[in-house]
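1. below are the sequence and a predicted model; questions follow.
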Amino acid sequence: MVNSEPGPAVGPIEAKWPDVRRIAVLRGGGLGDLLFAVPAMAALRGAYPDAEIVLLGTELHRELFAGRPSPVTEVRPLPPYENVHEPAGQPFDEAEQRAWFDALKPVDLAVQLHGGGRNSNPFLRKLEPRYLVGARTPDAAEADRWLPFRYYQHEVLRALEVVGLAGARPVELEPSIVVTDADRAAAAPVLDGLPEPLVVVHPGAGDPRRRWPAERFAEIAAKLAASGRGVVVIGAPDERELVERVAGMAGPPVRPLTSLSMSALVGVLDRCSAFAGNDSGPRHLAAAVGAPTVSVYWMGNVVNAGPLGRSRHRVLISWMSNCPVCGVDCTREDLPRCAHDDSFVATVPVDDVLGELEELLAGR
């Protein structure tokens with residue numbers, strides 16, 4: 001039954017289920033993947049205010065939510081599980097998996113925000129939930145209420161449409177993360193001595209095809225630092241080589257930061273007056289804490305993961321539709337990924353990115 005009450009919605013808002021005390025939300029993946037699910041979890045909190053909401057995610061997700069207000073009651077890191085969570089070097093252990101599922105029961109409502117359901121719907125069924133909602137591809141097992149999975153849909157809006165099937169109306173359209181005093185204190189030492197305004201540059205991205213060339217990030221960092229702005233280049237420990245290369249090409253006083261805790265990262269992003277980067281987890285976190293952003297996107301990723309507004313979030317789009325090496329059509333979701341990692345976004349000019357940054361720094 002569709003809820004006929006007026007209010008915002010992405011798709012139908014079905015009737016809420018009664019007596020829902022524990023909700024399990026499946027969303028693995030990286031930092032950006034988690035943030036796309038935050039508005040949906042906020043909607044669930046609004047619809048089921050007394051329920052426990054358990055996020056089935058990763059240690060990274062637990063680190064982000066630790067010590068800060070959020071819609072989530074608890075984060076349970078996923079066990080290694082084929083085609084759902086496959087951390088490098090960790091074997092699948094059926095006994096560990098059984099113990100993990102048993103420890104989570106009972107679950108009243110399972111919410112599948114982890115793709116098209118081929119593997120994630122059966123995974124959640126092992127929790128024996130009373131109700132299951134999610135998206136599904138044609139070859140995936142059905143949920144109690146489901147919507148068709150289509151690749152080209154914004155991740156945040158898909159998640160909101162899924163929770164609408166459980167009676168949850170949107171309360172926010174873009175992710176938001178609360179910044180704490182502890183975050184600001186953690187950031188203070190690593191930013192000591194840098195002038196204001198601060199610009200944060202992140203040259204990385206999980207998919208190398210989404211990375212704007214390192215030398216272009218170095219060029220904008222150098223020009224911003226030369227004009228008296230504080231500039232830091234951030235990245236995870238596994239991005240150290242890239243970060244140090246960009247900072248090295250830019251030259252002093254550009255500062256590389258690759259050993260930040262999650263709390264310090266949130267604090268650094270909260271301090272910045274503008275963020276420059278690719279379509280990446282840190283870019284989405286920057287926006288979620290309220291920082292203005294300038295981002296380089298491949299056109300397909302704008303559909304799935306682009307910011308909705310443009311007053312504080314500027315997007316420079318590469319319209320390349322074919323692999324620059326082999327020419328395969330990279331817009332076709334039904335074709336296998338080619339073997340090449342060459343950038344799809346190298347066509348975006350430096351002057352365009354720098355121009356948008358200058359506008360944001362000037363308050364325009």
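-> In hand now; what should we look at? Numbers count the residues shown, from 1 in each chain.
2. quick one: residues in contact with stretch 333-344.
-> Defining contact as CB atoms under 8 Å, 6 or more residues apart in numbering, one finds that stretch 333-344 is touched by 151-152, 208-213, 298, 318, 320, 323-326, 328-330. (C-beta placed from N, C-alpha, C; glycine too.)
3. among those, which ones are buried?
-> Among the contacts of stretch 333-344, those classed as buried by 16 or more other CB atoms under 10 Å are Arg209, Arg210, Arg211, Trp212, Pro213, Trp298, Ser318, Met320, Cys323, Val328, Cys330.
4. pick out whichever of the residues you listed sits closest to Val243.
-> Of all the buried ones among the contacts of stretch 333-344, Val243 sits closest to Arg211, with 12.3 Å by CB to CB.
5. which non-adjacent residue is nearest that closest one?
-> Spatial nearest neighbour of Arg211, chain neighbours left out: Ala205 (4.9 Å); criterion: CB to CB, 6 or more residues apart in numbering.
6. same check, this time on Glu59
-> Nearest to Glu59 is Pro77, by CB to CB, 6+ apart, at 5.2 Å.
7. and Asp329, by the same measure?
-> Spatial nearest neighbour of Asp329, chain neighbours left out: Asn322 (5.9 Å); criterion: CB to CB, 6+ apart.
8. tell me who's in contact with the one you found.
-> Asn322 touches Val328, Asp329, Cys330, counting by CB under 8 Å, 6+ apart.
9. now the helices: where do they sit in the stretch 151-300 of the chain?
-> With DSSP state H, counting those that start in this stretch, the ranges of helices along the stretch 151-300 of the chain come out as 155-164, 181-191, 214-226, 240-250, 262-271, 281-288, 299-305.
10. quick one: the strands in the chain?
-> For the chain, applying DSSP state E gives strands covering 22-26, 52-57, 74-77, 109-112, 131-136, 145-148, 198-202, 230-234, 255-257, 274-278, 293-298, 313-318.
11. export those as CSV, with columns for mean pLDDT.
-> Listed next are those as CSV, based on pLDDT from 0 to 100:
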stretch, mean pLDDT
strand 22-26, 98
strand 52-57, 98
strand 74-77, 97
strand 109-112, 98
strand 131-136, 98
strand 145-148, 97
strand 198-202, 98
strand 230-234, 98
strand 255-257, 98
strand 274-278, 98
strand 293-298, 98
strand 313-318, 98
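12. out of the ones you listed, deepest packed?
-> Compared across the strands of the chain, strand 109-112 shows the largest average neighbour count, a mean of 28 (mean count of other CB atoms under 10 Å).
13. the residue nearest to Glu59 contacts Thr58, correct?
-> Yes. Taking contacts as CB atoms under 8 Å, Pro77 lies within contact range of Thr58: 5.6 Å.
14. confidence score at the residue nearest to Val328 when sequence neighbours are not counted?
-> Of all residues not flanking Val328 in the chain, Cys338 sits nearest, at 4.8 Å (CB to CB, 6+ apart). Note for Cys338: predicted pLDDT of 93.
15. list the buried residues in the lengthiest helix in the chain.
-> Identified as the longest helix of the chain according to DSSP state H is helix 31-47. For helix 31-47, the neighbour count (16+ other CB under 10 Å) marks 31-45, 47 as buried.
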